[in-house]
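1. Got a predicted model here, sequence first, then my questions.
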Amino acid sequence: MIMKSHWVWLSLLVFIGPTATQAAKPSPAGVERFEILERTPAFGGRSFGDHGSYEEIKAVAHLRIDPAAPRNRGIVDLDKAPRGSDGLVAYEVDVAILRPKDPRKARRVLVSDILNRGGKIITGLNGTANPTGADPGDGFLMRQGYTLVWVGWQAELGPGRMQARLPVATENGAPIVGFADQEAIFDVPGAVGKMTLPYPAAVLDPARATLTVQARAADAARSLPSTEWRYLDDRHVEFARPADMDAGAIYRLRYPAKDPVVAGLGFAAVRDVVAFLRHDRQDGAGGANPLQDLAKAPCEVDAQRRCLNNGGGYVDIAVGFGVSQSGRFLRDFLWRGFNADTAGRPVFDGLMPNMAGARTTWTNVRFAQPGRFSRQHEDHGVPGFTFPFSYAPVADPVTGMRDGLMERCRADGTCPKVIHLDTSAEFWQAGAALVGTGGGAGDLAQPADARLFLVAGGTHAPGAVVKACEHRANPLASTALQKALLVDLVDWAAGRSAPPASRWPRVADGGLSPFEARSSRQPAVINQPEPPGRAASWPVLTPVVDADGHEIAGVRLPEIAAPVGSYLGWNLRAEGYAKGELCNLFGAFIPFAAETADAADPRLPLAARYRDHEAYVAAVAKAATALQADRLMLEEDVAAAVGRARTETSWSEK
């Protein structure tokens with residue numbers, strides 16, 4: 001790893017949020033104006049059972065924030081943002097809402113889908129990439145009666161993305177200059193490389209910057225002469241790619257940059273917009289909250305049929321949902337104390353970070369780059385593996401600190417229920433074992449309000465097609481489990497029922513072991529979390545697998561309980577693309593032989609597993625029905641799994 005010293009200071013970040021003894025007071029800051037740009041019927045007016053038709057609202061939230069307020073003081077460089085005459089900092093964010101048109105048919109449940117690089121991601125639970133378009137897929141989310149909310153939090157994403165427009169920090173009115181870096185891996189042959197910079201260059205002189213290349217992240221970096229590259233402008237560089245490097249080579253530019261945005265405001269944006277929609281009748285300019293008519297909706301009730309709404313607010317339950325980058329955002333949001341709004345109320349009653357592993361985001365720092373994250377080959381040295389990793393408090397054996405992701409919310413009584421879901425891929429690329437160990441070599445008892453789930457054989461990016469990988473991509477999606485757990489989380493937050501117990505690999509149960517003891521069916525490389533500036537590191541543990549390469553612990557979806565091949569959370573880079581390194585976040589699928597095994601592939605063939613196709617379908621149905629009984633799969637997804645099994649072509653293809 002290079003440039004460790006550049007990030008040593010990350011461990012010194014200030015936490016956000018008042019102590020338990022500080023009284024939270026309402027602030028004049030928040031949503032100054034909620035500007036509705038467009039309000040239109042969704043999905044051509046299609047009705048979704050008892051909840052009727054939906055409408056889509058597109059808006060811009062104009063916000064103000066007080067840099068001196070205790071809950072805001074830890075936002076890096078907020079004190080250096082331009083202020084109005086009232087001493088507040090102004091910024092604005094894109095907002096989208098998808099809600100039942102008739103409030104009497106809605107549920108008082110808000111699900112905030114945290115944007116992933118400005119894109120909606122919970123939409124995958126509907127079986128479509130865009131539920132606000134003409135096709136709502138199977139309409140799962142609408143059939144639940146949820147109100148869906150998206151809030152822009154990341155800046156400078158370009159056209160077509162929901163985003164935030166954040167202020168630039170200055171020092172006494174002068175531009176702030178400091179070093180930033182960018183990385184490129186092209187994965188295509190070529191003689192010339194081009195790189196887009198995250199911040200404008202302060203000086204267009206190659207001699208003031210350093211461009212390096214290395215074949216692998218573990219190799220020593222080689223500097224390229226400043227005569228072999230140039231600035232095209234203050235946001236783009238061009239360079240000659242060395243002939244002795246293959247398509248998977250890593251190029252890094254460290255350069256003097258200027259004009260850092262106050263990226264940590266993204267956390268405040270989600271906090272303040274969701275709080276406004278939950279509780280406020282109107283914005284600071286007197287405009288109406290577009291959800292205030294949800295007061296007409298039947299209230300959510302707990303197990304004793306008691307109404308959760310105690311006479312205040314328009315939403316009874318708010319849940320935050322995120323996948324990958326947005327899952328890391330939720331862990332960061334929770335850790336930094338943003339789940340308490342400026343009046344001291346909980347923002348979210350439940351959080352569901354998916355596929356985040358043990359990472360947080362590279363957001364609340366100067367010259368932040370929230371879109372980047374560490375992998376074994378790509379962006380290996382990018383910050384994100386920052387203690388604490390677990391929802392339970394623990395003393396870190398490496399840094400000596402004691403902390404937990406829920407310590408801030410414990411102090412002010414705003415902790416949400418948490419369902420954390422990872423796939424096999426996050427144990428190889430995102431340090432997921434640390435979520436369960438906290439940084440030690442053994443299991444850590446998790447708090448009662450957190451559940452951990454591993455999708456055995458799951459992958460971060462199902463079905464991706466990339467020629468840089470050695471094996472065919474893993475098609476196993478986690479959607480069915482995510483749907484069931486989201487329903488479980490809402491019920492849990494409402495006090496109706498607790499969710500299923502965690503299904504997570506543990507050292508004590510033989511499901512987790514040291515990386516050095518891994519199976520021969522697992523790779524020899526892993527993305528090892530490394531504390532900045534320290535020689536010691538945390539123990540590296542990996543899940544124990546069966547003869548097919550599937551984790552023995554976790555939730556075994558029907559495709560794993562009755563497999564037609566090995567579904568792996570990892571893939572390897574192919575010849576010409578840094579061969580042998582982990583291939584980004586793309587898992588692998590290796591089908592079984594049809595009739596007989598051989599020395600090169602000792603896995604049981606299909607003929608030894610199932611008498612015929614009908615026996616395979618029966619095995620899938622049995623596994624799916626068992627998951628439904630455990631509240632880990634919905635009835636509709638049991639039927640879908642059996643339907644897919646009936647059309648499985650492995651027998652006819654072989």
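-> Looks like it came in fine.

2. Quick check: can you list the domain ranges of this structure?
-> 32-168+262-367, 177-258, 374-654 (automatic domain parsing).

3. Take these and write them to a markdown table, including mean neighbour count and mean pLDDT.
-> (C-beta placed from N, C-alpha, C; glycine too.) A markdown table is the format used below for the domains of the chain (neighbours: other Cβ atoms under 10 Å; pLDDT from 0 to 100):
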| stretch | mean neighbour count | mean pLDDT |
| --- | --- | --- |
| domain 32-168+262-367 | 20 | 95 |
| domain 177-258 | 16 | 97 |
| domain 374-654 | 20 | 95 |
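
4. now the strands: where do they sit in the stretch 101-250 of the chain?
-> For the stretch 101-250 of the chain, the strands defined by DSSP state E, counting those that start in this stretch cover 109-113, 147-151, 164-165, 170-171, 174-175, 177-184, 192-196, 210-214, 222-223, 229-233, 236-240, 250-258.

5. tilt between the first one and strand 147-151?
-> Read that as strand 109-113. Angle, strand 109-113 to strand 147-151, by axes from the mean of the first three to the mean of the last three Cα atoms, to 10 degrees: 30 degrees.

6. which outside residues touch strand 109-113?
-> For strand 109-113, contacts defined as Cβ atoms under 8 Å, 6 or more residues apart in numbering pick out 120-123, 141, 144-151, 270, 274, 277-278, 291, 300, 315-322, 326, 348, 486, 490.

7. Restricted to helices, list those.
-> 141, 270, 274, 277-278, 326, 486, 490 (DSSP state H).

8. Strands of the stretch 451-600 of the chain, start to end?
-> Listed in chain order, the strands of the stretch 451-600 of the chain (DSSP E, counting those that start in this stretch) span 512-514, 541-543, 565-568, 588-591.

9. Okay, and residue 94 sits in which element?
-> Here residue 94, judged by DSSP states H and E, is contained in strand 89-100.

10. Who are the packing partners of that strand?
-> strand 54-65, strand 147-151, strand 164-165, helix 265-279 (3 or more Cβ pairs under 8 Å, 6 or more residues apart in numbering; DSSP states H and E).

11. So which other helices or strands are in contact with the second one?
-> Contact analysis of strand 147-151 by 3+ Cβ pairs under 8 Å, 6+ apart lists strand 89-100, strand 109-113, helix 265-279 as its packing neighbours.

12. what does the shortest one give?
-> Packed against strand 164-165 by the contact rule (3+ Cβ pairs under 8 Å, 6+ apart) you find strand 89-100, helix 265-279.

13. Make TSV out of these and add distance to residue 215.
-> TSV is the format used below for those (distance: least, Cβ to Cβ, whole Å):
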stretch	distance to residue 215
strand 89-100	41
helix 265-279	35
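
14. To residue 179, which of those lies closest?
-> helix 265-279 (22.2 Å; Cβ to Cβ).

15. Report the angle between the closest one and strand 54-65.
-> Computed by the same axes, to 10 degrees, the angle between helix 265-279 and strand 54-65 is 120 degrees.

16. out of the strands of the stretch 451-600 of the chain, nearest to residue 620?
-> Comparing the strands of the stretch 451-600 of the chain by Cβ to Cβ, strand 565-568 comes nearest, at 13.9 Å.

17. strands paired with that closest one, and their directions?
-> Strand pairing for strand 565-568, determined by DSSP bridges: strand 588-591 (antiparallel).

18. Name the next helix or strand following the strand it pairs with along the chain.
-> Counting by DSSP H and E, the next helix or strand C-terminal to strand 588-591 is helix 606-609.

19. which residues are in contact with that following helix?
-> 563-564, 592-597, 616, 650-651, 654.

20. CA-only coordinates of the following helix or strand past it, as PDB, when you get a sec.
-> As assigned by DSSP H and E, the chain's next helix or strand after helix 606-609 is helix 613-629. Taking C-alpha atoms only, helix 613-629 is exported to PDB below (Å, rounded to 0.1, in the frame of the first residue of the first chain):
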ATOM      1  CA  HIS A 613     -34.900 -32.500 -13.200                       C
ATOM      2  CA  GLU A 614     -38.000 -33.000 -11.100                       C
ATOM      3  CA  ALA A 615     -35.900 -34.100  -8.100                       C
ATOM      4  CA  TYR A 616     -33.900 -30.900  -8.500                       C
ATOM      5  CA  VAL A 617     -37.100 -28.800  -8.600                       C
ATOM      6  CA  ALA A 618     -38.300 -30.600  -5.400                       C
ATOM      7  CA  ALA A 619     -35.000 -29.800  -3.700                       C
ATOM      8  CA  VAL A 620     -35.300 -26.100  -4.600                       C
ATOM      9  CA  ALA A 621     -38.900 -26.000  -3.400                       C
ATOM     10  CA  LYS A 622     -37.900 -27.600  -0.100                       C
ATOM     11  CA  ALA A 623     -35.100 -25.100   0.500                       C
ATOM     12  CA  ALA A 624     -37.300 -22.100  -0.400                       C
ATOM     13  CA  THR A 625     -40.200 -23.300   1.800                       C
ATOM     14  CA  ALA A 626     -37.800 -23.700   4.800                       C
ATOM     15  CA  LEU A 627     -36.600 -20.100   4.300                       C
ATOM     16  CA  GLN A 628     -40.100 -18.900   4.200                       C
ATOM     17  CA  ALA A 629     -40.900 -20.700   7.500                       C
END
